[in-house]
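Asks: A predicted structure for the sequence below; I have some questions about it.
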Amino acid sequence: MTNPPSNETRASWADTLRVYLEPATLRMLFLGFSAGLPQLLVLGTLSFRLREAGVDRTTIGYLSWVGLAYGFKWVWAPLVDRMPLPLLTRAFGMRRSWLLLAQLVIVAGLVGMALSDPKLTLGTVVWCALLVAFGSATQDIALDAFRIESATTDRQAALAAAYQTGYRLAMIWAGAGVLWIAARAEIANAAAYQHAAWQTAYLVMAASMVIGVLTVLLSPEPARRPMPPAKNAAEWLQGALIAPFAEFLQRYRWQAGLILGLIAVYRISDVVMGIMANPFYVDMGYTKDEVAAVTKVFGVIMTLVGAFIGGVLSMRLGVMRVLMLGAVLSAASNLLFAWLGTRGHDLTALIWVISADNLSSGIASAAFIAYLSSLTNVNYSATQYALFSSMMLLLPKWLAGFSGKYVDAFGYGHFFTATALLGVPVLLLVWLASRVRVPVPQQGS
């Protein structure tokens, strides 16, 4: 967790950049797309659709708790880590079989969301969104393990940056793409909300999951350290559920509390603010095309730039320094949204705010993923990483459920300012974590 000594031999810039052309890195680009597509469709894009359908902000805030599926994925992570699937695992291997199963669940849920009208059957939309979230969280568990097992520690920052690039490209498609398709499918001079247009858009999104499926089918199964077979159910539970958490606590001892605390709150400013972003755009009078072009295309491009910068800087300067930079920028950028709320329908101001916010998010995300990866023991990669990424989302997403109620009570300006202040304790935790010396997990033990 400490930065490398100043006299450590560093790779040249050419060698550093060449990592991004390696097969393992390129695979993470496409798998990152597969991961980013469903998550946005049950969170950000869905909130835009619901607000346009006339669903009130308080309800939209509460419905964001669908995302808590990502916060509890550590519960079934041991199964994904250790339990083979009948037929599939024999044919594709442990990681790829779980990835394929999760992707099929996602497709089924997206089709259900497409066919359901939130103005008539809001409950059905929510249940289908939960199915997508469950499949997406399961895909994340297997994918995180796949990524960690596909490269050595010194390559994890590059793989994280490639993953973020694919993830953000999916955000363009699941954000701008779905809005663009819905806008093109609308009937002129009809009602503001048209279910048929959104149905077309969501069916296209379901079909887009083929990118992830093909990538899994064409990828090699990463090499795994053989585990001795369990003699009984109790021994299996010990190895699959208890051992990963016990190993982490034993390795980090009292420092584990500090590390877990940092993980739990690092992205709190972004996550809490993000739920109300799309309702904010609708209420400020921005059209689908404007939101698609500025926030879902240009903004995501800025995030890609930030992810690339974050990945490179993490390898050159150390993860903890970039982690601190990302924390500062993420909290500060939320204040720009408070300012934007005073401007009315101002497209130029929106472009500047989105540029700053998404660049900050990209830097923070790349560094944070590399940091989480460095904490895992390869013997328990799926379970331990699921624990970390779940903790990253659990508190922020629970708090985000009250965001609509807060906006209704105090307005958007106070809300965005409050989310910025939530990031202040993160700075202290990053500083404390950077002072701690902890053992690096050994991949062969």
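Replies: Structure received.
Asks: Let's verify Tyr286: helix, strand, or coil?
Replies: The assignment at Tyr286 comes out as coil when based on DSSP: H, G, I helix; E, B strand; the rest coil.
Asks: just Pro84 next, same as before
Replies: Each residue gets one of three states, and Pro84 gets coil by three-state DSSP.
Asks: when you give positions from now on, start the count at 616
Replies: All right, first residue 616 from here; so that's Pro699.
Asks: Could you check how far the residue nearest to it when sequence neighbours are not counted is from Ala752?
Replies: In space, and not counting its chain neighbours, Pro699 is closest to Met709: 6.3 Å by C-beta to C-beta, 6 or more residues apart in numbering. Backbone N, C-alpha and C define where each C-beta goes, glycine included. Note on Met709: its distance to Ala752, by C-beta to C-beta, to the nearest Å, is 18 Å.
Asks: do the same with Leu974
Replies: When Leu974 is compared with Ala752 (using C-beta to C-beta), they lie 27 Å apart.
Asks: Repeat that for Trp691.
Replies: From Trp691 over to Ala752 the distance is 8 Å, taken as C-beta to C-beta.
Asks: Equivalent analysis for Ala777, please.
Replies: When C-beta to C-beta is the yardstick, Ala777 and Ala752 sit 21 Å from each other.
Asks: before we move on, the earlier item: Trp691 and Ala752: which has the busier surroundings?
Replies: Ala752 (28 against 16; other C-beta atoms under 10 Å).
Asks: My guess is that one contacts Leu683. True?
Replies: No. Contact status for Ala752 versus Leu683: not in contact, 9.6 Å apart, counting by C-beta atoms under 8 Å.
Asks: Show me which residues of the helix or strand hosting Ser929 are buried.
Replies: Assigned by DSSP states H and E, Ser929 belongs to helix 914-932. Judged by neighbour count (16 or more other C-beta atoms under 10 Å), helix 914-932 contains these buried residues: 914-930.
Asks: ok, Asp732 - how many residues close by?
Replies: 15.
Asks: Can you tell me the closest non-neighbouring residue to it?
Replies: What sits nearest to Asp732 in space, not counting adjacent residues and going by C-beta to C-beta, 6+ apart, is His810, at 4.4 Å.
Asks: just Gly1016 next, same as before
Replies: Trp680 (4.7 Å).
Asks: where does the stretch 616-765 of the chain dip in pLDDT?
Replies: Low-confidence segments of the stretch 616-765 of the chain, defined by pLDDT under 70, are located at 616-638.
Asks: just the helices in it please.
Replies: Defined through DSSP state H, counting those that start in this stretch, the helices belonging to the stretch 616-765 of the chain, from first to last, are 628-633, 638-657, 659-667, 672-678, 683-686, 692-697, 703-707, 709-730, 737-764.
Asks: Redo those as a markdown table? Include distance to Leu1014.
Replies: Shown next, in a markdown table, are those (distance: least, C-beta to C-beta, whole Å):
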| stretch | distance to Leu1014 |
| --- | --- |
| helix 628-633 | 38 |
| helix 638-657 | 18 |
| helix 659-667 | 16 |
| helix 672-678 | 10 |
| helix 683-686 | 11 |
| helix 692-697 | 23 |
| helix 703-707 | 37 |
| helix 709-730 | 25 |
| helix 737-764 | 18 |
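Asks: helix or strand for Ala1033, which one?
Replies: Ala1033 is part of helix 1027-1036, with elements assigned from DSSP H and E.
Asks: Hmm, I typed the wrong one, I wanted Ala838.
Replies: Applying DSSP H and E, one finds Ala838 in no helix or strand.
Asks: for it, what are its contacts?
Replies: Contacts here follow C-beta atoms under 8 Å, 6 or more residues apart in numbering; on that basis Ala838 touches Glu764.
Asks: repeat that with 6 Å
Replies: Shown in contact with Ala838 (C-beta atoms under 6 Å, 6 or more residues apart in numbering): no residues.
Asks: What is the neighbour count of the residue nearest to Trp691 when sequence neighbours are not counted?
Replies: The shortest distance from Trp691 to any non-neighbouring residue, by C-beta to C-beta, 6+ apart, is to Thr753 (7.1 Å). For Thr753, the number of neighbouring residues by other C-beta under 10 Å comes to 24.
Asks: Quick check: Thr753 touching Gln718?
Replies: No. Shown here, Thr753 and Gln718 do not form a contact pair, counting by C-beta atoms under 6 Å, at 9.4 Å.
Asks: Between the helices of the stretch 616-765 of the chain, which one is closest to Arg1050.
Replies: Comparing the helices of the stretch 616-765 of the chain against Arg1050 with C-beta to C-beta, the closest turns out to be helix 737-764 (25.7 Å).
Asks: can you give me the angle that closest one makes with helix 709-730?
Replies: An angle of 160 degrees separates the directions of helix 737-764 and helix 709-730 when computed by axes from the mean of the first three to the mean of the last three C-alpha atoms, to 10 degrees.
Asks: CA atoms only for the helix or strand following helix 737-764, dumped as PDB, please.
Replies: If you walk from helix 737-764 toward the C-terminus, the next helix or strand you reach (DSSP H and E) is helix 771-786. Once non-C-alpha atoms are left out, helix 771-786 reads as follows in PDB (Å, rounded to 0.1, in the frame of the first residue of the first chain):
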ATOM      1  CA  GLN A 771      -3.400  -4.700 -12.700                       C
ATOM      2  CA  ALA A 772      -3.500  -0.900 -13.100                       C
ATOM      3  CA  ALA A 773      -3.400  -1.300 -16.900                       C
ATOM      4  CA  LEU A 774      -6.100  -4.000 -16.800                       C
ATOM      5  CA  ALA A 775      -8.200  -1.700 -14.500                       C
ATOM      6  CA  ALA A 776      -7.800   1.200 -17.000                       C
ATOM      7  CA  ALA A 777      -8.800  -1.100 -19.900                       C
ATOM      8  CA  TYR A 778     -11.800  -2.400 -17.900                       C
ATOM      9  CA  GLN A 779     -12.800   1.200 -17.200                       C
ATOM     10  CA  THR A 780     -12.500   2.100 -20.800                       C
ATOM     11  CA  GLY A 781     -14.800  -0.700 -21.900                       C
ATOM     12  CA  TYR A 782     -17.100   0.100 -19.000                       C
ATOM     13  CA  ARG A 783     -17.300   3.800 -20.100                       C
ATOM     14  CA  LEU A 784     -17.900   2.900 -23.700                       C
ATOM     15  CA  ALA A 785     -20.800   0.800 -22.500                       C
ATOM     16  CA  MET A 786     -22.000   3.900 -20.700                       C
END
